[in-house]
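Participant: Provided below for reference: sequence and predicted model.
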Amino acid sequence: MEKNTRREVCDLIVIGGGPGGYLAAIAAAKEGLSVLLFEGGSIGGTCLNVGCIPTKYLLDKAAAMDKVRSLVDQKIFRECGLFSFRKMQEGRREVVHKLVSGVEYLLKANKIRVVRGFATLTGPGEVECEGSIYRGKDILIATGSVPSSIPIEGAELAITSTQALELEKVPGRLAVIGGGVIGMELASAYCSLGSEVTVLEVLPELFPAEDRKAVAYMVRALQKRGIHISCGTKVLKIEKSATGLRVCYEGTQAGVTEADVVLMATGRKPNLNGIDTEAAGISLTPKGEIQVDAYMETSVSHIYAIGDVVGGYQLAHAAYAEGEAAVRNIMGRREAVDLSVMPRCIYAMPAFAAVGISADKAEEMGIAAVTGEFAYGANGMALAKGADGLVRVVMDKENKMTLGVHIVGEDAPEMIAFASAAVRDKMTLNEWERMVVAHPSLSEMMKEAALDCFGKSVHKAV
Ligand code: NAI
């Protein structure tokens with residue numbers, strides 16, 4: 001059969017409709033460009049469909065369960081609510097559908113032509129999709145990432161995070177390989193929903209790049225909730241056992257963990273499916289990610305790449321920032337992307353959020369820093385909510401400017417927006433002192449921790 005060679009020409013071709021791709025497409029359309037967006041799966045990509053949003057839906061219900069249990073323990077509520085996991089899963093699907101439809105509507109409202117199909121980058125300025133050829137003055141690759149497994153015997157017996165969200169029933173025993181962001185978020189959700197959870201992490205500690213004291217607080221709280229965390233543990237194989245699955249490991253403690261479900265959460269790798277980097281002449285990093293410059297342009301002029309496919313922060317909000325930067329450069333405003341103040345959130349229970357640097361990092365950089373601290377236990381709103389946690393602010397000892405904020409506890413990811421502004425604007429002690437924060441609120445703790453850097457916290461004895 002003769003190949004259909006219909007040709008379409010536009011200003012910008014975006015490959016991939018996840019957060020990075022759809023945002024860049026809308027930003028470009030708002031600049032007046034004609035945009036074609038290719039999506040082979042569902043608009044919204046990993047984040048909306050099988051990542052951030054559905055996980056947060058489950059975590060929200062899991063947190064509600066925890067709250068009810070705590071109120072029952074305090075004899076304020078009389079009985080612990082039973083829950084329907086089936087209804088919860090229905091609700092998750094509804095929320096995803098609503099959000100995806102919302103983004104589809106936005107794309108339409110911005111006159112972006114969405115081509116449903118698997119696009120192949122065939123060369124500079126050219127994409128093929130289901131027999132048709134499309135040409136764009138600029139091309140933006142936003143194909144995201146896919147779960148990466150570890151090469152062990154029985155790896156195929158483990159499920160991915162996508163499958164972990166689709167489970168039909170709460171597993172009795174869940175083993176999680178990898179104590180990273182995905183591992184700890186899903187471990188937290190399933191622990192509260194009733195699973196007996198074991199996390200096996202190869203590194204000696206969880207989240208080694210983050211503030212040690214805040215991480216230690218989080219780990220203790222996770223363990224107190226019943227999650228068994230085993231660090232320095234190298235998984236050797238997964239095998240079938242009489243009661244389900246068996247994960248065999250060696251390391252600080254060699255042994256086996258019996259589980260009904262094993263989740264592989266050992267990272268994600270760039271998705272280059274359909275991107276013939278060799279044919280297009282696009283260079284890759286040694287880790288196999290698409291190499292880009294500070295303007296999000298690849299080694300080939302007029303081909304840009306953003307999001308998980310370029311590595312770095314595998315975060316939707318990093319992809320947003322990179323997408324915006326790419327569009328600014330496509331429009332001829334040569335401007336380097338600024339990812340220096342990047343909020344990092346772990347929606348575990350308790351949640352963790354950080355922005356800027358820790359005191360250890362400041363020391364490495366030769367900056368004399370001081371750390372101030374404020375505990376949730378001394379904050380009125382936290383007490384009213386029954387929330388535990390810790391806020392730590394790092395400031396430069398000399399010029400008294402804010403360098404970093406680390407929060408573990410309820411609403412940490414919400415509070416980090418305010419912290420991001422403080423770090424970006426290098427807020428000084430003087431400015432913190434003059435800022436009025438609503439009372440009662442959890443955010444008050446950030447001001448208290450900042451003042452505590454210089455012994456000025458009001459609601460702290462010493
Ligand atoms: P990750 O890189 O955060 O964690 C993977 C963990 O697995 C690491 O701690 C690593 O040491 C461990 N690991 C690797 N090989 C292992 C082995 N053989 N045995 C035991 N442990 C092993 O990757 P993750 O959690 O899969 O997440 C992927 C990406 O998605 C991350 O970059 C993350 O930032 C992003 N993400 C962000 C979220 C957020 O912002 N809240 C939520 C979920 C994912």
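Facilitator: Received, thanks. Just so you know, these numbers come straight off a predicted model, no measurement behind them.
Participant: okay, CA-based contacts and neighbour counts for the rest of this
Facilitator: Fine.
Participant: the ligand contacts on the stretch 151-300 of the chain?
Facilitator: By Cα under 6 Å from any ligand atom, the residues of the stretch 151-300 of the chain that approach the ligand are 177-183, 200-203, 234-235, 265-268.
Participant: again, 5 Å this time
Facilitator: 177-182, 201-202, 234, 265-268 (Cα under 5 Å from any ligand atom).
Participant: now pLDDT, neighbour count and distance to residue 66 too, for those residues, in JSON lines please.
Facilitator: Formatted as JSON lines, those follow (pLDDT from 0 to 100; neighbours: other Cα atoms under 10 Å; distance: Cα to Cα, whole Å):
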{"residue": "177", "pLDDT": "98", "neighbour count": "25", "distance to residue 66": "24"}
{"residue": "178", "pLDDT": "98", "neighbour count": "25", "distance to residue 66": "24"}
{"residue": "179", "pLDDT": "98", "neighbour count": "26", "distance to residue 66": "22"}
{"residue": "180", "pLDDT": "98", "neighbour count": "17", "distance to residue 66": "22"}
{"residue": "181", "pLDDT": "98", "neighbour count": "18", "distance to residue 66": "20"}
{"residue": "182", "pLDDT": "98", "neighbour count": "25", "distance to residue 66": "20"}
{"residue": "201", "pLDDT": "97", "neighbour count": "23", "distance to residue 66": "25"}
{"residue": "202", "pLDDT": "97", "neighbour count": "21", "distance to residue 66": "29"}
{"residue": "234", "pLDDT": "96", "neighbour count": "20", "distance to residue 66": "31"}
{"residue": "265", "pLDDT": "98", "neighbour count": "27", "distance to residue 66": "24"}
{"residue": "266", "pLDDT": "98", "neighbour count": "21", "distance to residue 66": "27"}
{"residue": "267", "pLDDT": "97", "neighbour count": "18", "distance to residue 66": "28"}
{"residue": "268", "pLDDT": "97", "neighbour count": "17", "distance to residue 66": "30"}
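Participant: among these, which lie within strands?
Facilitator: Judged by DSSP state E, strands contain the following of these: 177, 234, 268.
Participant: the last one and residue 144 touch, don't they?
Facilitator: No. Using Cα atoms under 8 Å, residue 268 is not in contact with residue 144; the gap is 9.4 Å.
Participant: wasn't residue 342 part of a strand?
Facilitator: No. In this structure, residue 342 is coil, not part of a strand, as judged by DSSP: H, G, I helix; E, B strand; the rest coil.
Participant: who's in contact with it?
Facilitator: 318, 355, 356, 420 (Cα atoms under 8 Å, 6 or more residues apart in numbering).
Participant: hey, what's the second one bridged with?
Facilitator: When bridges are called by DSSP bridges, residue 355 pairs up with residue 405.
Participant: please look at it and residue 412 and confirm they touch.
Facilitator: No. Between residue 355 and residue 412 there is no contact under Cα under 8 Å: 11.0 Å.
Participant: in stretch 188-197, which residues are buried?
Facilitator: Neighbour counts over stretch 188-197 (16 or more other Cα atoms under 10 Å) mark 188, 189, 190, 191, 192, 193, 195, 196, 197 as buried.
Participant: and for that stretch, what's in contact with it?
Facilitator: 58-59, 62-63, 65-66, 170-176, 187, 222, 225-228, 348-349.
Participant: try 6 Å
Facilitator: 59, 62, 171, 172, 173, 174, 175, 227, 348, 349 (Cα atoms under 6 Å, 6 or more residues apart in numbering).
Participant: from the chain's centroid, how far away is the one helix or strand residue 323 maps to?
Facilitator: Following DSSP states H and E, one finds residue 323 within helix 316-330. Relative to the chain's own centre, helix 316-330 is displaced by 17 Å; criterion: Cα atoms, centre = their mean, to the nearest Å.
Participant: the stretch 151-300 of the chain: helices as residue ranges?
Facilitator: Ranges of helices within the stretch 151-300 of the chain are 161-165, 181-192, 212-224, 277-280, based on DSSP state H, counting those that start in this stretch.
Participant: hey, least reliable of these by pLDDT?
Facilitator: For the helices of the stretch 151-300 of the chain, mean pLDDT drops lowest on helix 277-280, to a mean of 89.
Participant: immediately after that helix, which helix or strand?
Facilitator: strand 303-305.
Participant: show me what that following strand is packed up against.
Facilitator: With contacts taken as 3 or more Cα pairs under 6 Å, 6 or more residues apart in numbering; DSSP states H and E, strand 303-305 sits against strand 132-141.
Participant: redo that, cut-off 10 Å
Facilitator: strand 7-15, strand 132-141, helix 316-330 (3 or more Cα pairs under 10 Å, 6 or more residues apart in numbering; DSSP states H and E).
Participant: mind checking the ones you listed for the one nearest to residue 301?
Facilitator: strand 132-141 (8.6 Å; Cα to Cα).
Participant: in its sheet, which strands sit next to that closest one, and in what direction?
Facilitator: For strand 132-141, pairing defined by DSSP bridges yields strand 7-15 (parallel), strand 126-129 (antiparallel), strand 303-305 (parallel).
Participant: possible to save those as a markdown table with distance to residue 400?
Facilitator: Below are these laid out as a markdown table (distance: least, Cα to Cα, whole Å):
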| stretch | distance to residue 400 |
| --- | --- |
| strand 7-15 | 44 |
| strand 126-129 | 52 |
| strand 303-305 | 38 |
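Participant: so which of the ones you listed is the most surrounded?
Facilitator: Neighbour counts averaged per stretch over the strands paired with strand 132-141 are highest for strand 303-305, at a mean of 28; criterion: mean count of other Cα atoms under 10 Å.
Participant: what sits up against it?
Facilitator: Applying Cα atoms under 10 Å, 6 or more residues apart in numbering, the set of residues contacting strand 303-305 from outside is 12-15, 20-21, 123-125, 136-144, 280, 282, 289-293, 295-298, 319, 322-323, 326-327, 329-330.
Participant: chain center to that strand: distance?
Facilitator: Remark: strand 303-305 is offset 22 Å from the chain centroid, using Cα atoms, centre = their mean.
Participant: now do the SS call for residue 394.
Facilitator: Quick answer, by three-state DSSP: residue 394 is strand.
Participant: ok, it - contacts?
Facilitator: With contacts defined as Cα under 10 Å, 6+ apart, the neighbours of residue 394 are 356-360, 362, 369-373, 400-406, 423, 449-450, 452-453.
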